[in-house]
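# Here's a sequence, model it:
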Amino acid sequence: MISEDQLKRIAAWSRELTQAEIEVARAGITERSYGIGEAVFMRGDTFGYWAGMVFGLARMGGVSRDGKEASLAGLTAGAWFGEGSVLKNEPRRYDVVALRNSRVALMERSAFMWLFENSVGFNRFLVRQLNERLGQFIGMLEVNRTLDATSRLARGIASLFNPILYPESTAHLEITQEEIGALSAHVPPERQSRAEPAGEGGPAATRIWRRHHPRYRAAARVRGLGRPVIAHWRGRAGARGPRASAPRSPPSR
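Numbering: from 1, shown residues only. The predicted model follows:
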């Protein structure tokens with residue numbers, strides 16, 4: 001069990017619940033820490049929890065039979081995931097692995113299903129969540145077929161600024177070369193090596209900013225990838241996902 005204050009801090013959806021529903025939710029949640037490279041769960045696992053990132057970074061993905069890795073999404077603080085498998089009560093269809101030291105909130109399936117069957121606010125959240133995740137994956141399919149490797153990477157990083165799937169995202173994200181490589185298998189080593197250091201003496205990292213624009217909800221600026229790339233997140237919630245492009249000249253800060 002976690003406290004009510006902790007629940008509201010780590011789960012934006014809890015702010016739509018009644019007091020009775022909050023009590024059920026917090027009673028059904030525990031937290032667990034995961035080290036770098038440790039799996040939260042693997043494909044085929046029977047995992048009886050709905051999970052949310054308290055802090056850290058994890059990768060949702062998998063490995064094909066011939067050993068090819070596929071990255072589906074990054075998971076940062078505030079992201080909740082796996083509701084489809086919980087609803088269907090089926091084994092997981094992908095892996096979730098921690099890319100840095102992370103802490104994950106785990107809600108028991110019994111508490112999740114009680115909220116699903118009794119809470120209007122929770123069901124409103126689930127509809128938004130599932131709709132947004134579907135849009136994310138449709139957008140991924142489109143860009144994987146139409147864009148080059150650098151632009152696909154920019155799109156993947158820009159998706160971490162989605163305010164519905166990642167409600168705790170801020171205007172700035174520090175990410176290391178190794179984490180970028182884990183989130184996307186499409187970045188050539190020579191481009192990874194150009195990433196700028198996070199600070200004097202610190203680990204190499206790419207700095208990413210989010211900014212507001214009249215036509216865009218947010219835009220992520222990715223540096224250190226061989227050429228400047230702007231990855232846009234368009235319009236209203238639930239609209240088409242981020243679109244990446246390479247500008248003719250570097251954007252100003």
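# Could I get the average pLDDT for stretch 6-14?
Averaged over stretch 6-14, pLDDT sits at 95.
# what does that stretch contact?
Stretch 6-14 is touched from outside by 2, 15, 22, 25-26, 29, 52, 54, 77-78, 80, 105, 121-122, 125, 129, 167-168, with contacts defined as C-beta atoms under 8 Å, 6 or more residues apart in numbering. C-beta coordinates here come from the backbone N, C-alpha and C atoms, glycine included.
# which is the next helix or strand following the helix or strand where D5 lies?
D5 belongs to helix 4-10 when assigned by DSSP states H and E. Following helix 4-10 in sequence order, the next helix or strand is helix 19-27 (DSSP H and E).
# Quick check, R155 in contact with G139.
Yes. Under the criterion of C-beta atoms under 8 Å, R155 lies in contact with G139, with a separation of 7.4 Å.
# secondary structure class for the most centrally placed residue in the chain?
Against the mean C-alpha coordinate of the chain, by C-alpha atoms, centre = their mean, the closest residue is L75 at 3.0 Å. Recorded secondary structure, L75: strand (DSSP: H, G, I helix; E, B strand; the rest coil).
# Tell me the buried residues in the top helix by length along the chain?
In the chain, assigned by DSSP state H, the helix with the most residues is helix 120-146. By 16 or more other C-beta atoms under 10 Å, the buried positions in helix 120-146 come out as 122, 125-126, 129, 132-133, 135-136, 139-140, 143.
# quick one: least confident of those residues?
In terms of pLDDT, the lowest of the buried residues of helix 120-146 is V143, showing 67.
# picking that back up, please tell me how far the longest helix of the chain is from the chain's geometric centre.
Distance, stretch centre to chain centre, for helix 120-146: 12 Å (C-alpha atoms, centre = their mean, to the nearest Å).
# And stretch 53-61, by the same measure?
With C-alpha atoms, centre = their mean, you get 7 Å for stretch 53-61.
# what's the span of that stretch from first residue to last?
Between the opening and closing residues of stretch 53-61 we find a distance of 16 Å, counting by C-alpha to C-alpha, to the nearest Å.
# What's the mean pLDDT across that stretch?
What stretch 53-61 shows for mean pLDDT is 93.
# Please spell out which residues along that stretch are buried.
In stretch 53-61, counting by 16+ other C-beta under 10 Å, buried: 53-54, 56-61.
# Next: stretch 89-109.
For stretch 89-109, the neighbour count (16+ other C-beta under 10 Å) marks 92, 94-100, 102-109 as buried.
# of these, closest to P163?
Closest approach between the buried residues of stretch 89-109 and P163, by C-beta to C-beta: A105, at 19.4 Å.
# isn't the closest one right up against Y34?
No. Contact criterion C-beta under 8 Å: A105 and Y34 do not qualify, at 11.8 Å.
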